[in-house]
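Asker: With the sequence up front, the predicted model follows.
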Amino acid sequence: MTTYRAFGNDATKQALRAEIRTRGPVYAAWLTTASIEGDLTPISRDYGLHPALARLLPALGAFGEGEEAPAFYDALLDAIPVGAETGNIARRAVLLAWTDPVYGRAQRVTGGAVLEACEAVIGLVRQSLTVSVDKQTWRAARAKLAQVKREASAPEKVDLVLSLAWDLEQAPGAVQDAMVAWTTQLTAEAEAADEDQFTAAEAALFKATMDRINEEIIATVSDDSDAEFSYEAFLEEVNKRWAADPAGQPLKVRALARQARVKAKLAIWRSVIQQKVLEDGRALAV
């Protein structure tokens, strides 16, 4: 196990909480989309948080898009005692991707060799809560799951378990991979269960209209080599063109409404997992 100890002193803890509450430079670099490809080593170095926890928190807050995230971050940082080891918060959080009774993948993977290989990986994650697991054991578990996945043409749900089959002391970024995979799967399930599904013809028209509008805008910008087109300006132009399309605009309205419903379902999921992570933080001992 690593020797990261939270905060180092209470002054550092309170300074970090203030930084997150005001959404300062540390917040911007750590808890937004900037963290996806960013180097989070300074978070662990300066604040003593385990690298796996540092990678967990941005994903658990939807990389800055979750409205509830700042309050959750502040409550968690407040709950973690100065000097606590925080790696197991991340381990227990990713275990929920398999074990949670509502959102976990265990109930979505059928029995047989694939389930056995998944459970072997989960067993190693549980084992790593108390003792180190050697590299060869992790590698063997990954190889076995990858093999049975190929042989059984297993669903993408297994990919999430593959992302769990890493030693978080050596590969803390696996936490982010697992959370992104979990989010992607939950999003797909919410979209498939939505109350307003496009027909095949509507889906084809929506895609064709979207592609045409994007191509038209890109062509316009390309024709004017001196033009500077920001992302905000691009979105404004997209919305104008959708609004001017009598056949496509109703589909756009429906798509946005469906997107809002899906986001609301994901917000509920995040809230459930955040609460369990917060309970873990409150239970930490020094």
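Answerer: Looks like it came in fine. Residues are numbered from 1 along each chain as shown.

Asker: What strand or helix carries Thr220?
Answerer: Secondary structure from DSSP states H and E places Thr220 in helix 200-223.

Asker: which helices and strands sit right next to the helix or strand that comes right after that helix?
Answerer: The helix or strand immediately downstream of helix 200-223 is helix 231-243, counting by DSSP H and E. Secondary-structure packing of helix 231-243 (3 or more C-beta pairs under 8 Å, 6 or more residues apart in numbering; DSSP states H and E): helix 200-223, helix 249-283. Any C-beta I mention is one placed from the backbone N, CA and C, and that applies to glycine too.

Asker: so which of these comes closest to Glu119?
Answerer: Nearest to Glu119, of all these, is helix 249-283, at 20.8 Å by C-beta to C-beta.

Asker: Can you spell out which helices and strands pack onto the closest one?
Answerer: Looks like helix 249-283 contacts helix 51-60, helix 69-79, helix 87-99, helix 174-192, helix 200-223, helix 231-243 (3+ C-beta pairs under 8 Å, 6+ apart).

Asker: ok, so what distance separates Trp166 from Arg105?
Answerer: Trp166 is 17 Å from Arg105, where distance means C-beta to C-beta, to the nearest Å.

Asker: These two - which one has more neighbours?
Answerer: Trp166 (27 against 24; other C-beta atoms under 10 Å).

Asker: what's the burial count for the residue nearest to Asp159 when sequence neighbours are not counted?
Answerer: Leaving out its chain neighbours, the residue that sits closest to Asp159 by C-beta to C-beta, 6 or more residues apart in numbering is Ala181, at 5.8 Å. Ala181: 20 surrounding residues under other C-beta under 10 Å.

Asker: Walk me through the domains of the protein.
Answerer: 10-79, 90-191, 200-264 (automatic domain parsing).

Asker: Nearest to Glu156, out of the helices and strands packed on helix 231-243?
Answerer: helix 249-283 (17.5 Å).

Asker: how much does that closest one deviate in direction from helix 200-223?
Answerer: Here helix 249-283 runs at an angle of 90 degrees relative to helix 200-223 (axes from the mean of the first three to the mean of the last three C-alpha atoms, to 10 degrees).

Asker: Show me the shaky parts of the stretch 101-250 of the chain.
Answerer: Residues of the stretch 101-250 of the chain meeting the criterion pLDDT under 70: 154-155, 222-229.

Asker: at 90 instead, please
Answerer: 107-113, 148-159, 216-235 (pLDDT under 90).

Asker: Could you double-check that Glu85 lies in contact with Gly48?
Answerer: No. Contact criterion C-beta atoms under 8 Å: Glu85 and Gly48 do not qualify, at 9.2 Å.

Asker: follow-up on the earlier one: got TSV for the helices and strands packed on helix 249-283, with distance to Ala255 too?
Answerer: Output for those, formatted as TSV (distance: least, C-beta to C-beta, whole Å):
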stretch	distance to Ala255
helix 51-60	25
helix 69-79	25
helix 87-99	28
helix 174-192	10
helix 200-223	7
helix 231-243	10
